[in-house]
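[1] A predicted structure for the sequence below; I have some questions about it.
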Amino acid sequence: MSRQFFVGGNFKLNPASLQASSALIEDVSLEVVIAPPTIYLVPVSQIVRKDVKVAAQNCYFKESGAFTGETSPKQLVDAGIPYVILGHSERRTLFLETSAVVATKTRAAIDAGLKVILCIGETLEQRESGKTAEVCQEQLKAVVDVTKPEDWSKIVIAYEPVWAIGTGKVATSSQAQEAHADVRAFLSKAVSNEVAAKIQILYGGSVTAANCKELARQPDVDGFLVGGASLKPEFADIINARR
Ligand code: PEP
């Protein structure tokens with residue numbers, strides 16, 4: 001099963017200006033998704049190359065109402081934003097989003113017409129106690145419970161071990177391959193063989209130009225979700241990792 005290589009750049013709360021955001025995307029030479037801060041989503045989407053798509057870094061699960069500070073999936077769709085990142089470990093940890101909340105957001109995002117980059121991954125403590133597969137499955141099961149098999153064509157999974165995010169400690173290619181294969185095996189049982197075979201599973205966590213090629217050689221690594229390096233010129237090398 002050949003799956004299209006997919007690279008996402010999560011700018012997080014960087015850079016501080018639209019000018020910086022647009023400068024970053026000038027060198028991009030392949031189809032890619034970038035996730036600038038919310039305030040820059042619309043202007044970036046208006047100037048970005050047509051083969052580069054834009055993702056929000058988060059959204060709420062309600063369409064409208066008294067939810068100060070939130071952005072609804074419908075508003076993102078109305079603004080022409082096709083993707084949203086959900087369940088990033090910074091959202092789970094700093095903003096206390098449980099797997100149930102991430103699943104509710106995923107349901108709402110798909111219902112509104114968004115595609116979801118669904119982040120999952122274990123902490124160092126969980127890895128060291130042999131719980132990587134269990135943790136990823138718990139995070140995925142919450143979404144399985146609120147979706148139908150056809151919804152999974154709207155989902156891209158990003159396996160992002162928490163201990164690798166922003167730390168410079170990248171997973172080895174065999175650690176990434178093992179986790180990705182486990183995710184696929186779980187989806188095969190929990191959803192369907194077809195979904196498991198088709199779904200793109202990205203690796204995220206300290207991906208750089210130096211380590212991306214080896215990771216990209218793994219059969220179940222279908223691309224990357226990149227934080228820090230998406231703000232640097234090496235992002236173009238990461239996008240081209242499979243070339
Ligand atoms: C991320 O925030 O999704 C991420 C993977 O960050 P970094 O590439 O900086 O580790």
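    All right, it came through fine.
[2] Tell me the first helix or strand C-terminal of the worst-scoring helix or strand of the chain on mean pLDDT.
    Between all helices and strands in the chain, the lowest mean by mean pLDDT, DSSP states H and E belongs to helix 18-25, at a mean of 60. The helix or strand immediately downstream of helix 18-25 is strand 32-35, counting by DSSP states H and E.
[3] and the residue of the chain found nearest the ligand, how many neighbours?
    In the chain, no residue comes nearer to the ligand than residue 227, which is 2.2 Å away by C-beta to the nearest ligand atom. Where C-beta positions appear, they are placed from N, C-alpha and C, glycine not excepted. Number of residues near residue 227 (other C-beta atoms under 10 Å) recorded here: 22.
[4] Let's see the pLDDT reported for it.
    The confidence metric pLDDT takes the value 97 at residue 227.
[5] can you list the weak-confidence ranges in the protein?
    Across the chain, residues meeting the criterion (pLDDT under 70) sit at 1, 16-31.
[6] which parts of it sit against the ligand?
    By C-beta under 6 Å from any ligand atom, the residues of the chain that approach the ligand are 10, 160, 165-166, 204-207, 225-229.
[7] Kindly indicate which of those residues lies nearest residue 90.
    The closest of the residues of the chain next to the ligand to residue 90 turns out to be residue 165 (C-beta to C-beta; 7.7 Å).
[8] Can you tell me the closest non-neighbouring residue to the closest one?
    residue 205 (5.0 Å; C-beta to C-beta, 6 or more residues apart in numbering).
[9] Just the buried subset of the residues of the chain next to the ligand, written out for ChimeraX, thanks.
    This is how ChimeraX selects the buried members of the residues of the chain next to the ligand, with burial counted by 16 or more other C-beta atoms under 10 Å:
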select :10,160,165,204,205,206,207,225,226,227,228,229
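[10] Export the residues of the chain next to the ligand as CSV, with columns for distance to residue 183 and secondary structure.
    Output for the residues of the chain next to the ligand, formatted as CSV (distance: C-beta to C-beta, whole Å; DSSP: H, G, I helix; E, B strand; the rest coil):
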residue, distance to residue 183, secondary structure
10, 19, strand
160, 12, coil
165, 17, coil
166, 22, coil
204, 13, strand
205, 15, coil
206, 19, coil
207, 17, coil
225, 14, strand
226, 19, strand
227, 20, coil
228, 24, helix
229, 23, helix
